[in-house]
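Student: compute the structure for the input listed below.
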Amino acid sequence: MTDLASLKQALRAAIDDCRPDGTYDDAGIDRVHGLIEQLLPLNPTPRPLDHQDVVESPWISHFAQFGPKHTAGKPIQHVTSLRLQSFNAFPDLPVKTLEISQEIRIDGAHYNNVVEVETPDGAHHARIITWGRYAISPDTPQRYAVEFYAVELVPPDGVSADALRAQFGLEADAPLRRELKPPRVHSDVVYCDADMRINYGSLGGVYVLNRLHRPGKSVQFPG
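Tutor: You can find the predicted model right below:
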C-alpha cells in the first residue's frame, strides 16, 4: 500500500471514529486535521483551474466542520432549520439533515449544494438544492469563487408541492424556489483525486468528500 493510500485510509478511519452522535472530541478533531495536513503535499491536482474535469462530479460529505472552531462542528446528520439551510430564504422550521452532497459541473459552471432532509419525526422527506455558479482565477487556481443565486425545496417522487408545503409547515401559497441575493463565498480545493476531495471554506469550514458514481440530483453529468 502506498503512503498516499495509507494516509487516505487513516483519514477515513479517523473520520469514522466519532462519538455515537457523530461529533468529535478535541483529540479526534486534531487527528483528522493532522492527517489532512499530511495529505496536502501529496495532492495530485494542485491546480484545479487546469483540471476542472477531475473536480467535476457529484460528491458526498464524509466530514464537515462548519466553522474554524472545534465547537462549530456538527455531525452530517443533525437537527437544523429550513432557514439555516437556505440563507434565510425559508422560514425557521425544524428539519433534520440526512445527507449533504455537492455537485460541480463544468458546463454551466454549476456549484450546487444538495441536502436531503426530513421532518423531525422522520415521517416526510424533501431535498434542498442551493443553486450556485463558480469561477476560478489564474491568480488563485485552487479557489472556487461561488455565488449562490437560488434555493429550492424539492418534493420526492409521488409527493405534490401542496403536500410538501403541508408536511413541512409552509404556508399553502409559499414558493418552493426562492431567489437569493448572491452571497459571495469561496472554497479552496486543497486536495482532489479519483475518489476524495478536501476543501477549505471561506468561513473556516473544513470538508472531506467522497466521489459519487451516481446520476446528479441537480444537474446531469456526462456519461
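Student: Leu82 against Val95, yeah?
Tutor: Yes - Leu82 is within contact range of Val95, at 5.7 Å (criterion: Cβ atoms under 8 Å). Quick note: C-beta positions are derived from backbone N, CA and C, even for glycine.
Student: overlap in contacts, the two.
Tutor: Phe168 (Cβ atoms under 8 Å, 6 or more residues apart in numbering).
Student: ok, these two, which is more surrounded?
Tutor: Ranked by neighbour count (other Cβ atoms under 10 Å), Leu82 and Val95 place Val95 first, with 26 against 22.
Student: separation between that one and Arg105?
Tutor: Distance, Val95 to Arg105, by Cβ to Cβ, to the nearest Å: 26 Å.
Student: same deal with Leu40?
Tutor: Taking Cβ to Cβ, one finds Leu40 at 25 Å from Arg105.
Student: repeat that for Asp30.
Tutor: In terms of Cβ to Cβ, Asp30 sits 35 Å off from Arg105.
Student: comparing those two, which residue is more hemmed in?
Tutor: A direct count of neighbours by other Cβ under 10 Å for Asp30 and Arg105 places Arg105 higher, at 20 against 13.
Student: report how many residues lie close to the residue lying closest to Gly108 once chain neighbours are set aside.
Tutor: Once flanking residues are discounted, Gly108 sits nearest to Val219: 6.8 Å by Cβ to Cβ, 6 or more residues apart in numbering. Val219 is flanked by 17 other residues according to other Cβ under 10 Å.
Student: where does Val219 sit: helix, strand or coil?
Tutor: Secondary structure for Val219, judged by DSSP: H, G, I helix; E, B strand; the rest coil, is coil.
Student: from memory it sits against His110, does it?
Tutor: Yes - here Val219 reaches His110: they are 5.1 Å apart, a contact under Cβ under 8 Å.
Student: quick check: neighbours shared by the two?
Tutor: Glu103.
Student: any weak-confidence spans in the chain?
Tutor: 1-2, 68-73 (pLDDT under 70).
Student: any idea which strand is longest in it?
Tutor: strand 140-154 (DSSP state E).
Student: ok, the residue nearest to Lys74 when sequence neighbours are not counted to Pro75 distance?
Tutor: Using Cβ to Cβ, 6+ apart and skipping residues adjacent in sequence, the residue nearest Lys74 is Phe66, 6.0 Å away. Per Cβ to Cβ, Phe66 is found 11 Å from Pro75.
Student: cool, Lys181 as well?
Tutor: 30 Å.
Student: and those two? Which one has more around it.
Tutor: Using other Cβ under 10 Å as the criterion, Lys181 and Pro75 rank with Pro75 on top: 15 against 9.
Student: for the nearest residue to Val79 once chain neighbours are set aside, helix, strand, or coil?
Tutor: In space, and not counting its chain neighbours, Val79 is closest to Lys96: 5.2 Å by Cβ to Cβ, 6+ apart. Following three-state DSSP, we place Lys96 in the strand state.
Student: and the strands in this protein?
Tutor: 57-65, 79-81, 94-105, 110-118, 125-137, 140-154, 177-179, 184-192, 196-201, 206-211.
Student: check the offset of the last one from the chain's centre.
Tutor: Between the centre of strand 206-211 and the centre of its host chain there is 8 Å, according to Cα atoms, centre = their mean, to the nearest Å.
Student: done for today, thanks.
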